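Colleague: what's the 3D shape of this:
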Amino acid sequence: MLRLVKNRFIPALFLMALAADVAVAQNYPNRPITLIAPYGVGGDSDFSARNLAPIAGRLLGQNVIVQNIAGASGTIGSQKVRTSPPDGYTLLVSRAGSQAIVPALDSSTPYKWNDFTFISLLDFNPLVCVVKPDAPYKNMKELIAVIRANPTKLNYSTAGAGTTQHLAVEVLLRDVGLPSSAATMIPYKSAGLASTALLSGEVDFLCNNLTTITGQLKGNAMRPLVTSSPTRLKDFPNIPTAKEEGMGSLEKVMGWSGLYGPPGLPSEVVDKWQAILKEVAKNPAWINGNDMVGAISAIRSQADTEAFAKEQYDLYSKLGTELNLKK
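Modeller: Below is the predicted model of the structure:
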């Protein structure tokens, strides 16, 4: 008799819990949502989060609050989302660095590339390598020539090891036959701070996502040398592409943002966000926000987002092996 009661009781509990989860998902959202940007203020994850939050919030009928949790190349904020309850109230602005590059290169990363619920991509960000306007380098070949003649003398800023800013320089150095040690990496907490380091003269050059430095480029506060985009940029047609400069491998390195949730996020929550993002994609304010900083809109289905994330992980894993960057 005891066994019979137990056998009936456990399935009943499971069904009750399942019904509760479905009810929560169907009522979603009924309180504010926290959107975690895993890098500091002024960087690309911060831009993507703040471009999305007010528009999505109005469509959802709830506030979407952006919280910057920076550090460890984006893994601290990412891990916080991974370990959050899968209820849709704590979401992540995923980045190429924190979600593809770091897991591919560093075996101590506290999560795998697919330890999240994929919701959608948000935007792409080509890279541009820049120096100060008064720097003696007029193009990328001149900068490389100085690095070659003076190994370890020049330094560059990044948002941390394993980010797109870091890997872009590694790829460039490899393309011209130079070791990683030819230029010294100086890590900062965000892409925005990495840009500030160049402007203040703390570093000699920087390869940063266009999203972060559009304002400085338009204001002539930085001199662009090359872009990772396959064709010349619409708003900056004078910047040569990597292929034009004979550094075609740089095309493989491009920043991107996505929207992820903790593992086990209910399909109803994913579907809700998919519907909201279809409206966001048509929203003039969101489109204009991307245009202002040179971001390329990239909202995708859940399946396409997961496939893209896998491609990115595989790409950086292969590059990491080729460049001897894995640890």
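Colleague: use CA for all of it now, contacts and neighbours both
Modeller: Noted.
Colleague: so where's the longest strand in this protein?
Modeller: strand 117-125 (DSSP state E).
Colleague: show me what that strand is packed up against.
Modeller: Using 3 or more CA pairs under 8 Å, 6 or more residues apart in numbering; DSSP states H and E as the contact definition, the elements that strand 117-125 packs against are strand 255-261, helix 267-280, strand 296-297, helix 302-322.
Colleague: tell me the helix or strand right after that strand.
Modeller: Per DSSP states H and E, the first helix or strand lying C-terminal to strand 117-125 is strand 127-131.
Colleague: give the closest residue to Val169 in space, chain neighbours not counted.
Modeller: What sits nearest to Val169 in space, not counting adjacent residues and going by CA to CA, 6 or more residues apart in numbering, is Cys207, at 6.9 Å.
Colleague: how much space between the one you found and Pro110?
Modeller: Using CA to CA, to the nearest Å, Cys207 is found at 27 Å from Pro110.
Colleague: looking at those two, which one has more neighbours?
Modeller: More crowded of Cys207 and Pro110, by other CA atoms under 10 Å: Cys207, with 29 against 13.
Colleague: without its sequence neighbours, what residue ends up closest to Glu170?
Modeller: Counting by CA to CA, 6+ apart, the residue nearest Glu170 is Ser180, at 6.0 Å.
Colleague: in its sheet, what does the longest strand of the chain sit against?
Modeller: Here strand 117-125 has these sheet partners by DSSP bridges: strand 255-261 (antiparallel), strand 296-297 (antiparallel).
Colleague: now that strand: mean pLDDT?
Modeller: Across strand 117-125, the average pLDDT comes to 95.
Colleague: got it, and stretch 36-48?
Modeller: Stretch 36-48 shows an average pLDDT of 89 in the prediction.
Colleague: centre of the chain to that stretch, how far?
Modeller: Centre-to-centre, stretch 36-48 and its host chain are 9 Å apart (CA atoms, centre = their mean, to the nearest Å).
Colleague: regarding it, how distant is the last residue from the first?
Modeller: 11 Å.
Colleague: OK, contacts around the residue most central in space within the chain?
Modeller: Nearest to the mean C-alpha position of the chain, by CA atoms, centre = their mean, lies Arg95 at 1.9 Å. Arg95 is in contact with 45, 255-258, counting by CA atoms under 8 Å, 6 or more residues apart in numbering.
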